[in-house]
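Trainee: Sequence below, structure please.
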Amino acid sequence: MDNMNSNMGSFNSQPNGYNYNTQNTNKSSKNGCLIALAAAGGTVIAIGIVILIAIIAIILAIGNAVGSVSSSITSSSDAVAVAAYDTDYVETLYFEGTIADNGMYSTGYNHQWTLDEIDRLIDDEYNKGLILYLDSPGGGTYESDEMYQRIMKYKELTGRPVYAYMGSQATSGALYIAMAADEIYAGRMTLTGSIGVIMQNYDLSGLMDKLGIKESNIKSGANKDMFGYSGYTDEQRQILQSIIDENYEIFVNIVAQSRNLPVETVKPLADGRVFSAQQAKDAGLIDNIATYDQFMENLKSLDDFYSCEFIDAKNTSTSLFGYLFSQSQMSTDNGIYSKLAELFENKNKSPFYYIYQN
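Mentor: Numbers count the residues shown, from 1 in each chain. As a prediction, the model looks like this:
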């Protein structure tokens, strides 16, 4: 600053006669200014933190409000509040996208909302049946099984029928959920099957060696870091394979029980392969092939659903993340939004999946 001060300190011939030479500034004045600036800076930072906390609280409140407002049942015309529906109806629940519990980062299917909606239907005497619309590659083993069990609970406690329709794809965990239905329909171009379990990880040890990077963990046991990037030991492979085998057996047995097929018949079908709709029907995995319109017309003609309204239930915007980004330019910028959503939705997931990998 001394050079700057000497350069800036020669303006003596000013209109008002002031001398701007800073070399003569008192050192104590400098210190006082610095203290004042530090105090002011601290105050600004504190105020900034308070404002940031307030903004976060407001955003969370808006997100909750958006989620609660958009959690509605819609008929073919106007939106109808859940609590206000007071006539017999059959409700369609949608399983679109990956079956996973992503909490506030959910941008499509919302697992917890769907579970809660089924519980609500159990207690609603106006509800006369349930339709599952499945267009999904599957998802987590836990979430798929939890949803299957919740639908089975609905059937057990209410005695009401459940029908499933498969969209373009209903594989792995989506097929698992469909097994809770009394009848399963699919379009003629539907892809289904993929009965099995998968766990994916990456062995980056070779790359890490080339870069001179070593994984150094302090752990309580030999297998605590089995999901690291250095590959698996033989013992760890056996541990993980035993879990996958257990989940696989549950899946196979559910298919066998639901479709009234011997386990010995299901096992050859359950090697992860996918089926066309006709192949699935021939194998006994589904009941009928029809367009969605034909499927709905058939249901509306059933005695069980005489005089019932047919309504859709969708939680259209339960994601604070999705809501905020959908309002920004980012939502239309070459898929940037979808990539960010995928990043958030893959955070902290279980490593085990009933999912079709293509």
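
Trainee: Okay, strands next: where are they in the stretch 151-300 of the chain?
Mentor: 162-171, 183-186, 191-193, 198-199, 274-276, 288-289 (DSSP state E, counting those that start in this stretch).

Trainee: As a markdown table, the ones you listed with mean neighbour count would be great.
Mentor: (Each C-beta comes from the backbone N, C-alpha and C, glycine too.) Listed next are the strands of the stretch 151-300 of the chain as a markdown table, based on neighbours: other Cβ atoms under 10 Å:
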| stretch | mean neighbour count |
| --- | --- |
| strand 162-171 | 24 |
| strand 183-186 | 24 |
| strand 191-193 | 23 |
| strand 198-199 | 16 |
| strand 274-276 | 18 |
| strand 288-289 | 16 |
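
Trainee: Tabulate the ones you listed (JSON lines), appending mean pLDDT and distance to Glu146.
Mentor: Formatted as JSON lines, the strands of the stretch 151-300 of the chain follow (pLDDT from 0 to 100; distance: least, Cβ to Cβ, whole Å):
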{"stretch": "strand 162-171", "mean pLDDT": "97", "distance to Glu146": "16"}
{"stretch": "strand 183-186", "mean pLDDT": "98", "distance to Glu146": "20"}
{"stretch": "strand 191-193", "mean pLDDT": "96", "distance to Glu146": "21"}
{"stretch": "strand 198-199", "mean pLDDT": "82", "distance to Glu146": "18"}
{"stretch": "strand 274-276", "mean pLDDT": "96", "distance to Glu146": "24"}
{"stretch": "strand 288-289", "mean pLDDT": "98", "distance to Glu146": "27"}
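
Trainee: Turn the ones you listed into CSV, including distance to Lys224.
Mentor: Shown next, in CSV, are the strands of the stretch 151-300 of the chain (distance: least, Cβ to Cβ, whole Å):
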stretch, distance to Lys224
strand 162-171, 33
strand 183-186, 42
strand 191-193, 36
strand 198-199, 17
strand 274-276, 36
strand 288-289, 49
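
Trainee: next SSE after the helix or strand bottoming out on mean pLDDT in the chain?
Mentor: Across the helices and strands of the chain, mean pLDDT, DSSP states H and E gives its lowest value to strand 79-80, namely a mean of 36. Next in sequence after strand 79-80, counting helices and strands by DSSP states H and E, comes strand 89-96.

Trainee: Could you pull up the mean pLDDT of that next one?
Mentor: The pLDDT scores in strand 89-96 average 96.

Trainee: contacts for that strand?
Mentor: 73, 108-109, 114, 117-118, 121, 126-136, 147, 167, 174, 177, 299, 305, 308-314 (Cβ atoms under 8 Å, 6 or more residues apart in numbering).

Trainee: List the strands paired with it, with their directions.
Mentor: Neighbouring strands of strand 89-96 in its sheet, by DSSP bridges, are strand 127-136 (parallel), strand 309-315 (parallel).
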